[in-house]
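**Student:** The sequence and its predicted three-dimensional model are supplied below.
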Protein chains: 4
Amino acid sequence: MANSRFEYVKSFEQPDVLLPNTWIVVRIDGRGFHKLSDHYAFAKPNDRRALDLMNAAAVEVMKELPDLCIAYGVSDEFSFVFHPNCQLFERRNGKLVTTIVSTFTAHYIYKWSEYFPERPLLPPYLPSFDGRAVIYPNNRILRDYMSWRQVDCHINNLYNTTFWTMVLQGGMSNTDAEQELKGTVSADKNEILFKRFGINYNNELEIYKKGTVLYRQYELEEPKSTKSPADEETPVVESEQSRSQRDKIRKLRRKAQVVIDHVDIIKDEFWEKRPWILSGNPGKLPA
Amino acid sequence: MANSRFEYVKSFEQPDVLLPNTWIVVRIDGRGFHKLSDHYAFAKPNDRRALDLMNAAAVEVMKELPDLCIAYGVSDEFSFVFHPNCQLFERRNGKLVTTIVSTFTAHYIYKWSEYFPERPLLPPYLPSFDGRAVIYPNNRILRDYMSWRQVDCHINNLYNTTFWTMVLQGGMSNTDAEQELKGTVSADKNEILFKRFGINYNNELEIYKKGTVLYRQYELEEPKSTKSPADEETPVVESEQSRSQRDKIRKLRRKAQVVIDHVDIIKDEFWEKRPWILSGNPGKLPA
Amino acid sequence: MANSRFEYVKSFEQPDVLLPNTWIVVRIDGRGFHKLSDHYAFAKPNDRRALDLMNAAAVEVMKELPDLCIAYGVSDEFSFVFHPNCQLFERRNGKLVTTIVSTFTAHYIYKWSEYFPERPLLPPYLPSFDGRAVIYPNNRILRDYMSWRQVDCHINNLYNTTFWTMVLQGGMSNTDAEQELKGTVSADKNEILFKRFGINYNNELEIYKKGTVLYRQYELEEPKSTKSPADEETPVVESEQSRSQRDKIRKLRRKAQVVIDHVDIIKDEFWEKRPWILSGNPGKLPA
Amino acid sequence: MANSRFEYVKSFEQPDVLLPNTWIVVRIDGRGFHKLSDHYAFAKPNDRRALDLMNAAAVEVMKELPDLCIAYGVSDEFSFVFHPNCQLFERRNGKLVTTIVSTFTAHYIYKWSEYFPERPLLPPYLPSFDGRAVIYPNNRILRDYMSWRQVDCHINNLYNTTFWTMVLQGGMSNTDAEQELKGTVSADKNEILFKRFGINYNNELEIYKKGTVLYRQYELEEPKSTKSPADEETPVVESEQSRSQRDKIRKLRRKAQVVIDHVDIIKDEFWEKRPWILSGNPGKLPA
């Protein structure tokens, strides 16, 4: 940038580097999606195309940023996870978050017409997203974060499925359905669905019940030990990790396919079979 | 959100509220626009349509966020300014920046085909932007920030205009042109343009020389005092400012037209005639 | 420091530079002084020697740190103020706060026996202080901060004076006095003191009613304009301010005597007569 | 605090809570101790009484703050370590650092005359300390921090011992000694000491070679596994840890004696025998 007597204003910029050797989670959320889903008439309780569009945009983010290890999405939110050894943008908070938010938004808008061909976007109802970064000091807490989102998905989806079934199939008013559900537990909602509407919640689509997990695909591995990988400590920053090594790892990550999955990420199994996620080391590419 | 034993992970979120009673500037920048402008064959040194698209997207951001007082754009960057009394999103840094970055990106992608109908967007060359917030403690420094960007615009544009004229009209190689321009001052560049190519830099378009300033239009006012409004202290946070008052101000801002201007914002005149920008109080709507 | 493979741990240190061109207030507070004042039998409601010791320690802090412009103390707290143009320790928050806290503590402990010769310090009742820095973007808000502390001093002192007079002279129990004072306003307390005990609160010592203000003494000046200096904007960071200029200013500050005053700092008069405090420029040394 | 229209200034205070579930290290350093050690004629290269005074003050800090697990001191610096599950002062950075700095300073000044009876403190040469907090995400990195300080101790002490022996016993000028030591490695310095002065560096006092480590004493334990405790993950914040449990732990910590040791803390042995340090759970009190 050019030299001038005004340049001192740059000194007001404050650093925002995230603590080294911690997991970085960037979670983005749709802004005003309640209104927006009404305007574009999203199906209730879940709109499959809207979810597929979210997932497609998130896959593009994963592809553009090979440093990302895993992502988890539910409803109009998505969490993107960088490994503790990530050095992208020198771990600057603002740079990481805005890059993800903007890349996601760009693909979401760009792909909209592919998923909703008959409902063109129209300002002022243009989708947008906000975001924030949170850091977690070890594997156990990162996994608890992921579990938190998936439990949240389950609880909300069971509620929404019951509520909208009562309204759409049962002919109840929104207020009456809300009133009846107040204070109920999971078993109560399962029973309402089954007894009144013959719906077995377990048969609902996995994408609705489990949300969506994205990760790079390598060959699945057999759990090697009785010890959960989550108990292992995150590896220490290797300043010696050479640039060439880092480039090699990045290349291996780019080669791996990003898969869209709807499975349990709370139990150990998911993580044990895919040790590359928590280790940060690429696995073996499938033949 | 739902209750679960995992919810403690929320406690890792750190607050990021910006200091009260300071100007907030959110500057966004195109990511990898050098490559992108090659791919979509932007005209050199300035592509009018690309600038118009930037400005159109920025106008939409101004419309969606009535708290914004002024914005300034040049090349692939735009600075959006919130007044010291702004309380939007409780002044949370991440929320303000990501909202602007995402809204801008959404409109930029959405409007692309209107400005470049013959060059459809094609991943992986999808435009995106990053951003950051900086706070400034008083009017003088805010104005110095704005001046800094406009001086930067001038210096870069004079350089680029000369460079590309030498290359495109003068048939020089990029390297030769760069070499010759090394160490030259403004007068030298003006002379090259005029003597060799008969170009008077002063006659270049204002949008290229001055960049673009966006603000809400009220009736222009005569400068009332000899004292520059920039010397006045920013008003103290009025906690007494009632919600109804704030809503009224917001409504008046929404009513005002957002204008696109290409004028000097370094001298006092611009600010004296539009006192509503620094004061934060809406002016009189034009008849 | 020495080189070793462990040195990477330094990278976990996070910067904490305070925003340029803002007032820095470091406020320190006695830790557990309620208990401590019982243990050393401080007089109620005010112990003159304890206050004098606080002031003496604060004067030493002012002397050791010529960058300080003004300080204000009440009870077991003291606020130390750095000018917006202060560059001490590159404006690092932690460094500024801990230096003041430690220097203050050292002098407080060192001078204790001078003020309380008959009550020697005895661990675990060793006085200590905590502290924090807050920044304020302009003169008006800095003055509001100072006013806030002095109003606080007044309100607490009026309450404490009334309470302890009721207990010590009126023979009431703590609980009864507390009960009777609940919900009373200033006028009520003044009346209790005057009607029951013949005490005119106005005649109480200024140090109790106004707290203590410390500043460097130069020749008092006549207020020059009708405009309060508090309305003036804080001067812009002068990167051109040469090192030699800065050293000269520092020397002039060291030469000035630090005075202990008990006066109103809410009204303009105090500041208008001592323009060097808000301007940051040393005044004329008294003959 | 009292209510007034000035109270809004409180809103400028910014939160500074440290990330949960991370080790907190507060390191304090003597301010201007080079000059100070000249003034009070500290012995070179090490002054035993000065070190004993540092250690005595640090022991008092450990006693006043039972949340501290371990501390390590060398020269005029001391590092105090809080466990990841520490909730003291809600983990507020400023509060933790200033409390330690002030408590340490108070005891250092208070005990001075006990260690230097013949050299009374005299302003302006009053010792003071600054400090900062750094957080570390897991055991391995915390141990690397501790190792970093002890390696630093070793390297500096070997240098200083050699330098001052050359000057004090060898009659060399400071400049000549410095010049000769430039570029030497450990072996060179050991040889100079041994060949020229008959000094075996290994026979130097442990306090000089290893620095000082402080911790609470429980019964030493046999290393239970081949796995180093440093590889274990720091335990997750237990929000369920009841207040009564926390009080019980605090009481057990207060009961334990704080010992002053000069041993290797780089190898595993130290940590394996004292598992209560990294676990945060009090051990068994010695009979």
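**Tutor:** Arrived safely, thanks for sending.

**Student:** Okay, strands next: where are they in chain A?
**Tutor:** Taking DSSP state E as the criterion, chain A contains strands spanning A:23-30, A:68-74, A:77-82, A:129-136, A:212-217, A:257-261.

**Student:** Please read off the pLDDT at the closest residue to A:Trp148 other than its chain neighbours from the model.
**Tutor:** Spatially, and ignoring its direct neighbours in sequence, A:Trp148 is nearest to B:Phe6 (3.6 Å; Cβ to Cβ, 6 or more residues apart in numbering or on different chains). The way it works is simple: take the backbone N, C-alpha and C, and place the C-beta from them, glycine included. Per-residue confidence at B:Phe6 stands at 97 (pLDDT).

**Student:** Identify the residues contacting the closest residue to A:Val258 other than its chain neighbours.
**Tutor:** Spatial nearest neighbour of A:Val258, excluding adjacent residues (Cβ to Cβ, 6+ apart): A:Met62 at 4.6 Å. Counting by Cβ atoms under 8 Å, 6 or more residues apart in numbering or on different chains, A:Met62 makes contact with A:Leu68, A:Ala71, A:Phe80, A:Leu214, A:Arg216, A:Val258.

**Student:** try it again with 10 Å
**Tutor:** By Cβ atoms under 10 Å, 6 or more residues apart in numbering or on different chains, A:Met62 lies in contact with A:68-71, A:80, A:214-216, A:253, A:256, A:258-260.

**Student:** And A:His107, by the same measure?
**Tutor:** Taking Cβ under 10 Å, 6+ apart, one finds A:53, A:56-61, A:63-64, B:105, B:109, B:123, B:126, B:128 in contact with A:His107.

**Student:** at 8 Å what do you get?
**Tutor:** Residues near A:His107 by Cβ under 8 Å, 6+ apart: A:Ala56, A:Ala57, A:Glu60, A:Val61, B:Pro123, B:Leu126.

**Student:** A:Glu178 against A:Asn160, yeah?
**Tutor:** No - look at A:Glu178 against A:Asn160 with Cβ atoms under 8 Å: they stay out of range, at 11.5 Å.

**Student:** quick one: low-confidence parts of chain A?
**Tutor:** Scanning chain A with the threshold set as pLDDT under 70 gives A:1-3, A:225-241.

**Student:** switch the cut-off to 90
**Tutor:** Across chain A, the ranges flagged by pLDDT under 90 are A:1-4, A:124, A:221-250, A:286-287.

**Student:** Tell me the residue of it that sits nearest chain D?
**Tutor:** Nearest residue of chain A to chain D: A:Pro137, at 3.7 Å (Cβ to the nearest Cβ).

**Student:** ok, which stretches of the stretch 51-200 of chain A are helices?
**Tutor:** Under the criterion DSSP state H, counting those that start in this stretch, the stretch 51-200 of chain A contains helices at A:93-115, A:139-168, A:174-181, A:186-191, A:197.

**Student:** Pick the most buried one from those helices.
**Tutor:** Among these, the stretch with the highest mean neighbour count (mean count of other Cβ atoms under 10 Å in any protein chain shown) is helix A:93-115, at a mean of 24.

**Student:** Type out the ChimeraX command that picks the buried ones from the contacts of A:His107.
**Tutor:** In ChimeraX syntax, the buried subset of the contacts of A:His107 is picked out as below (16 or more other Cβ atoms under 10 Å in any protein chain shown):
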select /A:56,57,60,61 /B:126
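
**Student:** Turn the contacts of A:His107 into TSV, including distance to B:Arg274.
**Tutor:** Shown next, in TSV, are these (distance: Cβ to Cβ, whole Å):
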residue	distance to B:Arg274
A:Ala56	44
A:Ala57	40
A:Glu60	42
A:Val61	40
B:Pro123	41
B:Leu126	36
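
**Student:** Specify which member of the contacts of A:His107 is nearest to A:Lys35.
**Tutor:** Comparing the contacts of A:His107 against A:Lys35 with Cβ to Cβ places A:Ala57 closest, at 19.8 Å.

**Student:** Fine by me, thanks again.
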